[in-house]
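Undergrad: from the sequence below, what's the structure:
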Amino acid sequence: MTRADYTIRHIEARDDSAMAHIIRTVMPEFGACGSGFAINDPEVDWMHRAYSAPRSAYFVVEVNGEVVGGGGVAQLDGGDASTCELRKMYFLPTARGLGAGAALMERSLEKAREFGFTRCYLETLTGMDAAMRLYERSGFMRIDAPMGATGHGGCDLWYLREL
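TA: This is a model prediction of the structure:
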């Protein structure tokens, strides 16, 4: 598949179950089970509503009309007003390697700038190597400690990027 084979659009209510399924399928692939991970975050079941809040946006990636991934930005919980968080960026294996991750990242960061954020934070965990390469290619730098109050204590790697 090529870039032309996928589309990126704002999440709609009809996408909630697909994104919940994707997140709950992908996270265990990387050992992200149990407390401290987004898999248990109640927001996973109502992403459209959660990202309808001010200064937040969530996008889905479709291939042939099927939602295969997504990601977005929102104010960093417990952070200052200038810092957003890249949130819940997950892709099914069939969607990886298409360039959709980089395109979704850029779209999310553009939206963060439109919202007036000047920094973007993210959390991940050891073993998500392809994701970490994408973050680093996108200008994120690893930092030594978590920021904010995300509730995702299972993550062990943190990144920050100036916007």
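
Undergrad: only C-alpha atoms from now on, for both contacts and neighbour counts.
TA: Will do.

Undergrad: strands of the protein, residue ranges please.
TA: Counting by DSSP state E, residue ranges of the strands within the chain are 6-10, 57-63, 66-75, 83-91, 119-124, 141-143, 157-162.

Undergrad: quick check: the residue nearest to Leu134 when sequence neighbours are not counted vs Gly139, distance?
TA: Of all residues not flanking Leu134 in the chain, Ala102 sits nearest, at 6.8 Å (C-alpha to C-alpha, 6 or more residues apart in numbering). The spacing between Ala102 and Gly139, counted by C-alpha to C-alpha, to the nearest Å, is 11 Å.

Undergrad: nearest residue to the middle of the chain?
TA: Met89 (2.5 Å; C-alpha atoms, centre = their mean).

Undergrad: so for Gly127, what's the pLDDT?
TA: Listed pLDDT for Gly127 reads 83.

Undergrad: tell me the pLDDT of Gly97.
TA: Looking at Gly97, its pLDDT reads 83.

Undergrad: give the contact list for it.
TA: By C-alpha atoms under 8 Å, 6 or more residues apart in numbering, the contact set of Gly97 is empty.

Undergrad: ok, it to Phe91 distance?
TA: Taken as C-alpha to C-alpha, the span from Gly97 to Phe91 is 10 Å.
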